[in-house]
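Engineer: Next input, structure requested:
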Amino acid sequence: MPDPFAGTSAGISGATATVPAPDDYDPRFALTPVDEPAFTETGVMLMGLDTDRLLAGLGMAVLADDPAQVMLAVDRLRHGVTATLDYDVLVETGVRRWRSARTAIDAMGPAAATPVSLRRAWEQTVRLLSHCDLGDVGPATLAHLTACRLRRDDIDRFDADRRPFTTERPLTTEN
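Structural biologist: Sure, this is the predicted structure:
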């Protein structure tokens, strides 16, 4: 593709630019359609996270989507108990949730061929997971599990390669 900034004046003294012809369209720089759901756009961003960050997000989602866990955390804070969440604990929680979800996801059969479009792959995978027996999942857990499903090889490799999680700390540690 020719340099889009070589050739014609861009209206700035001394600057030049070329307005690409329609057949010079480069899809790498296409903007997303304005009617894409926010959930899909969030999913595209989740798929771009590092594996450990994606799993830590899943671990946090497991806590945040569980009303009982949220209620306990709020109650602890209300009574002055300082709680901290450790990143490694969140990653481990995410790994455990992924392992338990994989059983239900695998029961649905092998994955279909992944479409070229990330957004279409996201939508298809969300539909697949909505038919899996994943228990009561909220939108955050569904989003993270969908991204994990689409990046299954990365997630499984991370799980296999990581050092054994030996710390026996609860999800929240009281100081």
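Engineer: contacting residues around residue 123?
Structural biologist: residue 40 (C-beta atoms under 8 Å, 6 or more residues apart in numbering). From N, CA and C alone the C-beta is placed, and that goes for glycine too.
Engineer: What does the pLDDT read for it?
Structural biologist: pLDDT recorded at residue 123 is 91.
Engineer: helix or strand for it, which one?
Structural biologist: Take DSSP states H and E as the rule and residue 123 turns out to sit in helix 118-130.
Engineer: buried stuff in that helix?
Structural biologist: 119, 121, 122, 123, 124, 125, 126, 128, 129 (16 or more other C-beta atoms under 10 Å).
Engineer: Out of these, which comes closest to residue 36?
Structural biologist: residue 119 (6.3 Å; C-beta to C-beta).
Engineer: element containing the nearest residue to that closest one once chain neighbours are set aside, please.
Structural biologist: Of all residues not flanking residue 119 in the chain, residue 40 sits nearest, at 5.3 Å (C-beta to C-beta, 6 or more residues apart in numbering). Using DSSP H and E, residue 40 sits within helix 38-47.
Engineer: what angle sits between the helix or strand that that helix is followed by and helix 38-47?
Structural biologist: Going down the chain from helix 38-47, the next helix or strand is helix 51-65, by DSSP H and E. Taking axes from the mean of the first three to the mean of the last three C-alpha atoms, to 10 degrees, helix 51-65 and helix 38-47 form an angle of 140 degrees between their directions.
Engineer: can you map out the strands along this protein?
Structural biologist: Listed in chain order, the strands of the chain (DSSP state E) span 8-9, 16-17, 83-84, 173-174.
Engineer: Over to the nearest residue to residue 65 once chain neighbours are set aside: give its phi and psi.
Structural biologist: Leaving aside its sequence neighbours, residue 65 sits nearest to residue 138 (C-beta to C-beta, 6+ apart; 3.2 Å). Dihedral angles of residue 138 (phi, psi; degrees, to the nearest 10) stand at phi -90, psi 180.
Engineer: Report the central residue of this structure.
Structural biologist: The chain has residue 46 as the residue nearest its centroid, 2.6 Å off, counting by C-alpha atoms, centre = their mean.
Engineer: Skipping its backbone neighbours, what lies nearest that one in space?
Structural biologist: residue 147 (4.0 Å).
Engineer: wait, doesn't the one you found sit right on residue 43?
Structural biologist: Yes: Residue 147 lies in contact with residue 43 (C-beta atoms under 8 Å); the separation is 6.1 Å.
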